[in-house]
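A.B. asks: this is a predicted model, with the sequence first.
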Amino acid sequence: MSKLFAIILVLVFANHGYVERFSYAEKSTLEWSDFRGEPNLKSDFDASVNTGITYQWSISKDYGKIELKYDVDSFCYPSLSWVKKGQSTKYLLVHEQLHFDISELHARIMRKKLQEYRPSNNVRKDLNTMYKRVERMRVNMQEQYDKETEHSKNKESQMKWENKVENLMWYYRNFSK
């Protein structure tokens, strides 16, 4: 079991099933006050934002017509996000913001895929497979972003990523909430 999953489980049970979060639709711009977790002083990184995407769905049949309803959100988890003391720079916040934007980008991709999906006899399997693919894409993009920007230290690469994500967000603009 991964450490992150274990941390989330502890927080869920400690808070009677609730982990503080806000969606991109509620608040799309991060502030340092959103980083409320305990900093990992052993980490080589100065900050870490915890984000992700979730989805829910239901299906109904009316006069033989199948209707799929769904809801997809991207979230930030403040109690799992942290910044080391003295590192709260505007530049670093931009780097962390892009992680949140990447999660929202993948929520939009998931919404597009769901809109285009035509229900089959294996809806649950189809949707789980779809979500796993989008989630894998999201995680891979997050890792590639950190690798190429050297966790924000490569300023030229950071600017390229900011432009890339901005363009992709614009491309999927019709699938925002």
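C.D. replies: Nice, thanks for sending it over. Numbering: from 1, shown residues only.
A.B. asks: going by C-alpha atoms from here, please, whenever you check contacts or count neighbours.
C.D. replies: Will do.
A.B. asks: in stretch 23-43, what's buried?
C.D. replies: By neighbour count on 16 or more other Cα atoms under 10 Å, the buried set for stretch 23-43 is 23, 24, 28, 30, 32, 34, 35, 37, 39.
A.B. asks: okay, now residue 151: neighbour count?
C.D. replies: One way to gauge burial is a neighbour count; for residue 151, by other Cα atoms under 10 Å, it gives 21.
A.B. asks: please apply the same query to the one 3 residues further on.
C.D. replies: Here the number of neighbours of residue 154 (other Cα under 10 Å) works out to 13.
A.B. asks: just give the nearest non-adjacent residue to it, would you?
C.D. replies: When the adjacent residues along the chain are set aside, residue 154 lies closest to residue 148, with 7.6 Å between them (Cα to Cα, 6 or more residues apart in numbering).
A.B. asks: ok, residue 32 - contacts?
C.D. replies: For residue 32, the set of contacting residues under the criterion of Cα atoms under 8 Å, 6 or more residues apart in numbering consists of 83, 88, 93.
A.B. asks: export those residues as a markdown table, with columns for pLDDT, distance to residue 59 and secondary structure.
C.D. replies: Supplementary listing: those in a markdown table, determined by pLDDT from 0 to 100; distance: Cα to Cα, whole Å; DSSP: H, G, I helix; E, B strand; the rest coil:
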| residue | pLDDT | distance to residue 59 | secondary structure |
| --- | --- | --- | --- |
| 83 | 97 | 42 | strand |
| 88 | 96 | 45 | coil |
| 93 | 98 | 40 | helix |
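A.B. asks: residue 63: which of the residues you listed is nearest?
C.D. replies: Out of the contacts of residue 32, the one with the shortest distance to residue 63 is residue 93. That distance is 51.6 Å, counting by Cα to Cα.
A.B. asks: for the contacts of residue 32, which ChimeraX command selects only the ones that are buried?
C.D. replies: Here is the ChimeraX command that picks out the buried ones among the contacts of residue 32, judged by 16+ other Cα under 10 Å:
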select :83,88,93
